[in-house]
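Peer 1: Pasted the sequence and its predicted model underneath.
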Amino acid sequence: CLIFLCAPCKTSAQGENFSDADREFLIRLARNTLTRYLKDGSILKIDEKRVSENLRANGACFVTLTKKGTGLRGCIGIFERRLPLYQNVIDRAISAAVHDPRFPKVRYEELKDIKIEISVLTAPEKILFNSPDELLAKLRPEKDGVILKTKYGSSTFLPQVWKQLPD
């Protein structure tokens, strides 16, 4: 079993490397992307000159959609940093809305009740440990995300999952 630590910078919280304007831009970008895509199937085009240098840098992220009253509605992410962060937010927002196999596609009419959260990921770091207790001692609840890899598959837990699965 391989476990990687991945500390995100959530755009809905205080971020170390992102200004308030960057965080607001990403949330607006995700919402505008979903509005356009769910309304008519078109993909938002962005003038890169209007995007800050931080957001033009290659970056990994997860986009999580929750619906008022019902909870999780979609969550899709990417660990690769091959595209600019803002482009990955566009792609992941669409994927979370229409390609998360756990849920039916989000409908345009639902958007008014959808909360969008973006987790910008740091590069994963391998954690060495000899026991479950040693691993837990190395993790910071509600700050660290975890990527679990086994011969059977992999799972990803963002920091907000600690609230649902504290132990």
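Peer 2: Yep, that arrived.
Peer 1: rest of the way, CA atoms for contacts and neighbours
Peer 2: Fine.
Peer 1: In this protein, where's the longest helix?
Peer 2: Secondary structure of the chain read by DSSP state H shows that its longest helix is helix 20-40.
Peer 1: could you point out which element follows it?
Peer 2: helix 53-56 (DSSP states H and E).
Peer 1: Next one: the residue sitting furthest away from the middle of the chain from Leu139, what distance?
Peer 2: For the chain, the largest distance from the centre (CA atoms, centre = their mean) belongs to Asn130, which lies 29.5 Å off. Asn130 is 14 Å from Leu139, where distance means CA to CA, to the nearest Å.
Peer 1: now the helices for this structure?
Peer 2: For the chain, the helices defined by DSSP H occupy 20-40, 53-56, 85-98, 132-138, 161-164.
Peer 1: so which of those is the most packed in?
Peer 2: Comparing these by mean neighbour count (mean count of other CA atoms under 10 Å), helix 85-98 ranks first with a mean of 24.
Peer 1: same for it, what does it pack against?
Peer 2: helix 20-40, helix 53-56, strand 60-67, strand 71-78 (3 or more CA pairs under 8 Å, 6 or more residues apart in numbering; DSSP states H and E).
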